[in-house]
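*Asks:* please work out how this folds:
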Amino acid sequence: MASLGYEELLAACNPGGSSVLSSVTELAPAGGEHTSVAPAKFVDGDNSVFAYERRFIDGEPLQTAVIDSKQ
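*Replies:* Residues are numbered from 1 along each chain as shown. Just a heads-up that it's a prediction; the model follows:
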């Protein structure tokens, strides 16, 4: 994967520059390997349900459980 540096960011901020910049970061649980991570939930009536989003993984749109929800 190519590095995204200052020059690329500066060029993207100028008129005619990029409309979107993406950054992929591999994450791990703060508690270490094999620590459980709980997906985000929201209340729908009387039910608590997981939050799902469609995300592109390896170029394919996939249904994924959200664990990094903005509140």
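
*Asks:* what stretches of the chain score poorly on pLDDT?
*Replies:* Low-confidence segments of the chain (pLDDT under 70): 1-2, 68-71.

*Asks:* what sits against the residue nearest to residue 35 when sequence neighbours are not counted?
*Replies:* Spatial nearest neighbour of residue 35, excluding adjacent residues (C-beta to C-beta, 6 or more residues apart in numbering): residue 29 at 3.9 Å. For glycine as for every other residue, the C-beta is placed from the backbone atoms N, C-alpha and C. Residues counted as contacts of residue 29 (C-beta atoms under 8 Å, 6 or more residues apart in numbering) are 35-37.

*Asks:* of those residues, closest to residue 66?
*Replies:* Nearest to residue 66 among the contacts of residue 29 is residue 37, at 11.3 Å by C-beta to C-beta.

*Asks:* just to be sure, the residue nearest to residue 35 is in a helix?
*Replies:* No. Applying DSSP: H, G, I helix; E, B strand; the rest coil, one finds residue 29 to be coil, outside a helix.

*Asks:* got the phi/psi numbers for it?
*Replies:* Dihedral angles of residue 29 (phi, psi; degrees, to the nearest 10) stand at phi -60, psi 140.

*Asks:* give me the distance between it and residue 19.
*Replies:* According to C-beta to C-beta, to the nearest Å, residue 29 and residue 19 sit 33 Å apart.

*Asks:* now do the same end-to-end measure for stretch 12-21.
*Replies:* Length of stretch 12-21, first residue to last, C-alpha to C-alpha, to the nearest Å: 8 Å.

*Asks:* ok now stretch 8-25, how far from the chain's centre?
*Replies:* 17 Å (C-alpha atoms, centre = their mean, to the nearest Å).

*Asks:* which parts of that stretch are buried?
*Replies:* Neighbour-count burial for stretch 8-25, counted by 16 or more other C-beta atoms under 10 Å, picks out no residue.

*Asks:* which one (most neighbours) among the contacts of residue 29?
*Replies:* Per-residue neighbour counts (other C-beta atoms under 10 Å) across those peak at residue 37, which has 12 neighbours.
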